[in-house]
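Engineer: compute the structure for the input listed below.
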Amino acid sequence: MKVDEERTPRITWAFQAYASGRWTLAQIHRELIARGLRTLATPKRPSKPIAISTLHRLLTNPYSKGDVTFKGATCKGTHEPIVPKEVWYQVQALLDSHKSAADATQVHEHYLKGTVYCGQCGERLIITNAKNRHGNVYPYFVCSGRHSGRTERTRQAMLIEKYYEMIEVSPEMRQDLAGKIHADFDQLMANEAKELSRLTTKRDRLDDERMKLLQAHYAGAVPLDLLKKEQDRIANQIGDIQHRLEAHHDEYASARAHLDDSLGLLANIVGIYQRADDANRRLCNQAFFYRIFIEEEGDSRVEYERPFGTLCDTEEQMNALNWAAQAKKRERFKPDKEW
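Structural biologist: Numbers count the residues shown, from 1 in each chain. As a prediction, this is how the structure comes out:
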């Protein structure tokens, strides 16, 4: 894929817009046409406004993040990427999720399908359409046990918005939960500081050993075949240590970012859910809830997906409040260093 200076900013914008989650593929396509993005002309084909299928290929091509594909294998290219890797991967995740939602809605339109279960027997609730005496069609939940003759329970479609209103956290609670979580992460990293120090020391020692081997080879004390063998051994050990060090930091950074994103979603979920279309409501339900059980009286109980089970737990929220109160108290009584 060749990208010239005129096209690059528009394609970069397309990645950023789609990664934000505020633009659909069709909206970006219309905007790019309005901005004048066209296909590259060839000897046989003139330039023309890009098709939405071309836009999809642009957004899925790893060339944009600096990689090239050759004979089915992807490797790092020599060109400069036009989007950061994290943006490219975010776009792929959104494209995949929207494809899954589209496939699901082709089977059935309702956004609660696959998430709700009977609170009495635990069977999955399936969706059927019923028509009232006025001729209006509405979705109706039926226990799959009843549908197959095993039970006799029915459930009408419920408003999950009410449950989201119960679990949405205030800005203050979000701040307290984030503070306690990051403090817990800091403690975990402090506990592993000794292991990280050991790995770093071992890596430095191997680097020193590699340099001494090279110097010995130049001095004629170590033959070339032995030098290569020892250098390979040292390089493998250093690579393993470096991988463990990077994985450690990346793991904590990724976990912190994921929890921050989850808290941001939890603090605004009511508005997000109310404004979302059916496909994105389905994604919200799948992100938050493993299963939603509908009881006989119409009440509900849920099993959360990670990490929302912890973030929505009342005891964990009380612990966060207590932690924040203690932290403020320590800050208030901290000795003044300037006299």
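
Engineer: and Y304, its phi and psi?
Structural biologist: Torsion angles at Y304 (phi, psi; degrees, to the nearest 10) stand at phi -80, psi 150.

Engineer: residue contacts, T54?
Structural biologist: T54 sits next to T39 when contact means CB atoms under 8 Å, 6 or more residues apart in numbering. Quick note: C-beta positions are derived from backbone N, CA and C, even for glycine.

Engineer: now name the helix or strand holding it.
Structural biologist: For T54, the host element (DSSP states H and E) is helix 52-60.

Engineer: Y290 now?
Structural biologist: Per DSSP H and E: Y290 is located in strand 289-294.

Engineer: let's see the helix holding T54 as PDB, backbone CA atoms only.
Structural biologist: Output of helix 52-60 as PDB, limited to C-alpha atoms (Å, rounded to 0.1, in the frame of the first residue of the first chain):
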ATOM      1  CA  ILE A  52     -16.300   1.500   1.800                       C
ATOM      2  CA  SER A  53     -14.700  -1.900   1.100                       C
ATOM      3  CA  THR A  54     -11.500  -0.100   0.200                       C
ATOM      4  CA  LEU A  55     -11.700   1.800   3.500                       C
ATOM      5  CA  HIS A  56     -12.100  -1.400   5.400                       C
ATOM      6  CA  ARG A  57      -8.900  -2.800   3.700                       C
ATOM      7  CA  LEU A  58      -7.000   0.300   4.600                       C
ATOM      8  CA  LEU A  59      -8.000   0.000   8.200                       C
ATOM      9  CA  THR A  60      -7.000  -3.700   8.400                       C
END
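
Engineer: what's the following helix or strand after it?
Structural biologist: From helix 52-60, the next helix or strand downstream (DSSP H and E) is strand 67-70.

Engineer: pairing partners for that next one, with directions?
Structural biologist: strand 73-76 (antiparallel) (DSSP bridges).

Engineer: ok, D225 to A276 distance?
Structural biologist: 65 Å (CB to CB, to the nearest Å).

Engineer: again with M211
Structural biologist: Counting by CB to CB, the gap from M211 to A276 is 59 Å.

Engineer: scan this structure for its longest helix.
Structural biologist: Counting residues, the longest helix in the chain under DSSP state H turns out to be helix 224-267.

Engineer: and for the helix or strand just after that one, what's in contact with it?
Structural biologist: Note on helix 224-267: by DSSP H and E, the next helix or strand toward the C-terminus is helix 269-275. For helix 269-275, the external contacting residues (CB under 8 Å, 6+ apart) are I160, E161, Y164, E165, I167, E168, L265, R281, C284, F288.

Engineer: pull the helix or strand with minimum mean pLDDT from this protein.
Structural biologist: Least confident helix or strand of the chain, by mean pLDDT, DSSP states H and E, is strand 154-156 with a mean of 43.

Engineer: hmm, back to that, please say which of M211 and A276 ends up with more neighbours.
Structural biologist: Between M211 and A276, counted using other CB atoms under 10 Å, A276 has the larger neighbour count: 15 against 11.
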